[in-house]
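Enquirer: sequence first, then the predicted structure:
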Amino acid sequence: MKRKPKFKSRIIIQTAKDSYFLPVESIAYFLAETGVVKAIDIEGKSHLLGLTTLKDIATEINPELFFRINRAELVSKAAILRMERYGKNSLAIKVKGSDKKLISSQANTAAFKNWVES
């Protein structure tokens, strides 16, 4: 019998003085920029993650809940509010808690559309 992989339900956020837990369901998207990875929650608050990469995070969280739309962003299905065409084969994705539109890469757009409808 094949066991289902166990994914994280919360992520530890380290600060200068302590650590706290961020529930995965409260995360709108993960953002990698200039060598750091941040979790942006559905209220728009940014949480700096420790020494990790977007690739590592993608293996630790449920792929039914999060999708890597481009090299720098991993988006939560539950946080998606709307999508619109952006250029030839990309989408601009609006998520809870953020005015920023996340842009899917052309290579990932078709797979993202299939994932978001499942």
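Expert: Arrived safely.
Enquirer: now stretch 74-87: buried residues?
Expert: Buried residues in stretch 74-87, counted by 16 or more other C-beta atoms under 10 Å: 74, 75, 76, 79, 80, 83, 86. The C-beta positions use only the backbone N, C-alpha and C, and glycine is treated the same way.
Enquirer: quickly find the element holding the residue nearest to residue 93 when sequence neighbours are not counted.
Expert: Excluding the flanking residues, the one nearest residue 93 by C-beta to C-beta, 6 or more residues apart in numbering is residue 102, at 4.4 Å. Residue 102 belongs to strand 101-103 when assigned by DSSP states H and E.
Enquirer: which element follows that strand toward the C-terminus?
Expert: Downstream of strand 101-103, the first helix or strand assigned by DSSP H and E is helix 109-117.
Enquirer: buried stuff in that next one?
Expert: Counting neighbours by 16+ other C-beta under 10 Å, one finds that the buried residues in helix 109-117 are 109, 112, 115, 116.
Enquirer: of all those residues, which comes closest to residue 42?
Expert: Among the buried residues of helix 109-117, residue 116 lies closest to residue 42 (C-beta to C-beta), at 16.8 Å.
Enquirer: for that closest one, list the residues it contacts.
Expert: Residues in contact with residue 116 (C-beta atoms under 8 Å, 6 or more residues apart in numbering) are 67, 77, 80, 83.
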